[in-house]
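A.B. asks: pasting the structure only:
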């Protein structure tokens, strides 16, 4: 969609590609905010994984951006990194409380 000599989106039978003047470009999905839902009715999502084995399968390092405080409305299973430089820890919310994992 769009002109091939400017920013456009190309689609074929199994992929969507963002292009700019024929070269690869960033593909933004809902860049201005809001929820993005993939596989609402089932299936797995792979990042760098051709055959994802879980709901989210990351085939490399996963980065959790450090926070200064815990999330205000946690649910069991939430994972976060909390603290400041030199004093950060990984936490998981289980059975109604935050548990330090490291």
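C.D. replies: Okay, I see it. Here the structure is a predicted model, which means the values were calculated and not measured.

A.B. asks: For the residue located most distally from the centre of the chain, give me its contacts.
C.D. replies: Centroid-distance maximum for the chain: residue 5 at 30.4 Å, with CA atoms, centre = their mean. Residue 5 makes contacts with 21, 22, as judged by CB atoms under 8 Å, 6 or more residues apart in numbering. All C-beta atoms are positioned from the backbone trio N, CA, C, and that covers glycine.

A.B. asks: For residue 26, see how far away it is.
C.D. replies: Noted for residue 5: a distance of 18 Å to residue 26, by CB to CB, to the nearest Å.

A.B. asks: And the next helix or strand past the one helix or strand residue 46 maps to?
C.D. replies: Assigned by DSSP states H and E, residue 46 falls within strand 45-47. Using DSSP H and E, the helix or strand that directly follows strand 45-47 along the chain is strand 56-58.

A.B. asks: That next one: which residues count as buried?
C.D. replies: When burial is assessed from 16 or more other CB atoms under 10 Å, strand 56-58 yields no buried residues.

A.B. asks: So which residues make contact with it?
C.D. replies: The contact list for strand 56-58, computed with CB under 8 Å, 6+ apart, reads 44, 45, 46, 47, 48, 49.

A.B. asks: Closest one to residue 35 out of those, please.
C.D. replies: residue 45 (14.6 Å; CB to CB).

A.B. asks: neighbours around the residue lying closest to residue 9 once chain neighbours are set aside, how many?
C.D. replies: Spatial nearest neighbour of residue 9, excluding adjacent residues (CB to CB, 6 or more residues apart in numbering): residue 1 at 5.0 Å. Neighbour count for residue 1, taken as other CB atoms under 10 Å: 6.

A.B. asks: Just the local confidence number for residue 1, please.
C.D. replies: Residue 1 is assigned 72 on the pLDDT scale.
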